[in-house]
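**Q** Need the 3D shape of this:
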Amino acid sequence: SIFVFITYPRSGLCLPNTVGIRGRTIFSVRDCRHYHIIGFKEILVAMRIRMYDNVAQYLSDKEAIDAAVLSVLESGELVMGPDVRALEEEFAAYCGTNYAVGVTSGTSALLLALRALGIGEGDEVITVANSDIPTSQAVTLTGAKVVWVDIEPIGCNMDPDQIEAAITPKTRAILPVHLHGVPADLDPILKISEKYDVAVVDDAALAAGARYRGNRIGSLGSLTAFSTAPGKILGGIGSGGLITTEDRSLYNRLNTLRHYGREDPPYRDKQSMGPKWPSDTIEIGYNERIDSIQAAVLRIRLPQLDELSVRRREIAEIYSKGFEKVGVRYQQPPPDSEAVWRVFTVLLPDRDRVHAGLHAVGIESSLAYVPADHLDVCYRDLGYRPGSLPETEVFCNELLALPCHPYMSNAEIDEVLTTVVELL
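**A** Presented below is the predicted three-dimensional model:
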């Protein structure tokens, strides 16, 4: 039997029903945090092992985070305060690049990166369709055409062998995604970009701290976009993003774009004790400034990133050894690279049954990201049909993302692995 909760919406009551899975007590009322609606009845199964644990992450640094948030509030510098500039300098140094710019989200980071390159109507950007939809939408929002290429079956990232056939005189950028924190094979992508004189914009929303052949992701392409939303590898307590670049002119353009298109944004001048006006607006821009509270929290978490990534790799190693024994295929990084494993993705022909079975015993898993972008509703007018990107479609039909966060216990890791194997 399954231990479930039946809720009564008007009263807010949450009452237990039956207990026990294979003779085990699996949760209590206090664990009733995450639910799932089944059919037309509100039968809710509590998740004991979750994809991400934002509560555990907060509690691990509660005193420091509380103090940092209070300090920002008491300073009154809530937008573009000193923590923002400090975070940008520290993150650029961490990535091994010259500049970083804080923005409001990973989606904004991609959009502004493309805009900083002057990409717009009439241009084309090559990317993949097995990423979350904001990757493709960022291209579309510039006015450019999104051109999808297929993935390779090992790392499940952009297949470099597919790129040259997709390049046209309108191609302005290649946008590889480091899916789930697993680096794409960048060397051949960078060589192609040099050959055809097009930019490389990395989508590293889930890949802060990852390395490709000794180099941090964020130091190799023309621009790299990161997300700092809760649950990401470098996650804050709200929406946020960062863009890195080596190029001073691109850095200046990003600063202009994120503040309404102003050439010299009128941030508070400490000497005159007031904003700097007048300030010329030289192009149409955005309001995409990361807030000071997010920056303060990210500054606390950035120094811990490598240590937590080591734990993620330890978990991934346990999974990989276990799944290899039973012949389960899983996402793998390129040689001489270090993934940061936001999740651990396995490929299962009977994925939906395993996904449901995990849910039934209180283990959260995810179908990130389904459907593939080229088959999603918002892109139906482009005329793509099933079979257009065969490897991508196999991946999206079979992927199952498993928890791989650094706050998992060894017992939880073993239970996830054992339960998946039992459900095969």
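
**Q** all contacts plus neighbour counts: C-alpha atoms, from now on.
**A** Fine.

**Q** quick one, longest helix in the chain?
**A** In the chain, with assignment by DSSP state H, the single longest helix is helix 305-325.

**Q** Show residues contacting the following helix or strand past it.
**A** Using DSSP states H and E, the next helix or strand after helix 305-325 towards the C-terminus is strand 329-330. Residues from elsewhere that reach strand 329-330 (CA atoms under 8 Å, 6 or more residues apart in numbering): I154, S320, F323, F344, T345, V346, L347, L348.

**Q** at 7 Å what do you get?
**A** T345, V346, L347 (CA atoms under 7 Å, 6 or more residues apart in numbering).

**Q** Please put the alpha-carbon coordinates of the longest helix of the chain into CSV.
**A** Backbone C-alpha positions of helix 305-325 (Å, rounded to 0.1, in the frame of the first residue of the first chain) are rendered in CSV as follows:
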residue,chain,number,x,y,z
LEU,A,305,30.8,25.8,-4.8
ASP,A,306,33.8,23.6,-5.5
GLU,A,307,33.4,21.6,-2.3
LEU,A,308,29.7,21.0,-3.0
SER,A,309,30.5,20.0,-6.6
VAL,A,310,32.9,17.4,-5.4
ARG,A,311,30.0,15.8,-3.5
ARG,A,312,27.8,15.9,-6.6
ARG,A,313,30.5,14.1,-8.5
GLU,A,314,30.8,11.5,-5.7
ILE,A,315,27.1,10.8,-6.0
ALA,A,316,27.3,10.7,-9.8
GLU,A,317,30.1,8.1,-9.5
ILE,A,318,27.9,5.9,-7.3
TYR,A,319,25.1,6.1,-9.7
SER,A,320,27.2,5.5,-12.8
LYS,A,321,28.8,2.3,-11.3
GLY,A,322,25.5,1.0,-10.2
PHE,A,323,23.7,1.6,-13.5
GLU,A,324,26.6,0.2,-15.6
LYS,A,325,26.1,-3.1,-13.8
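
**Q** Include distance to T97 and pLDDT when you put the contacts of strand 329-330 into CSV, please.
**A** Below are the contacts of strand 329-330 laid out as CSV (distance: CA to CA, whole Å; pLDDT from 0 to 100):
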residue, distance to T97, pLDDT
T345, 30, 98
V346, 33, 98
L347, 35, 98
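
**Q** quick one: which of those is most hemmed in?
**A** Using other CA atoms under 10 Å as the neighbour criterion, T345 leads the contacts of strand 329-330 with 28 neighbours.

**Q** How about the backbone phi and psi for it?
**A** phi -100, psi 120 (degrees, to the nearest 10).

**Q** Using the three-state scheme, assign the residue lying closest to it once chain neighbours are set aside.
**A** Excluding the flanking residues, the one nearest T345 by CA to CA, 6 or more residues apart in numbering is A401, at 4.3 Å. Here A401 is recorded as strand under DSSP: H, G, I helix; E, B strand; the rest coil.

**Q** part of a strand, is A173?
**A** Yes - with three-state DSSP as the criterion, A173 is located in a strand.

**Q** Against S222, how distant is it?
**A** Taking CA to CA, to the nearest Å as the measure, A173 falls 9 Å from S222.

**Q** So for these two, which residue has more residues nearby?
**A** When A173 and S222 are compared for neighbours, A173 comes out ahead with 24 against 20, by other CA under 10 Å.

**Q** Count residues in the vicinity of the residue nearest to T345, would you?
**A** By other CA under 10 Å, the residues close to A401 number 22.

**Q** in the sheet, who's paired with it?
**A** Legend: beta-bridge partners of A401 under DSSP bridges are T345, S366.

**Q** who touches both of A173 and S222?
**A** With CA under 7 Å, 6+ apart, A173 and S222 have common neighbours A199, V200, V201.

**Q** where's the second one, which helix or strand?
**A** Secondary-structure assignment from DSSP H and E places V200 in strand 199-203.

**Q** so who does V370 touch?
**A** Counting by CA under 7 Å, 6+ apart, V370 touches C396.
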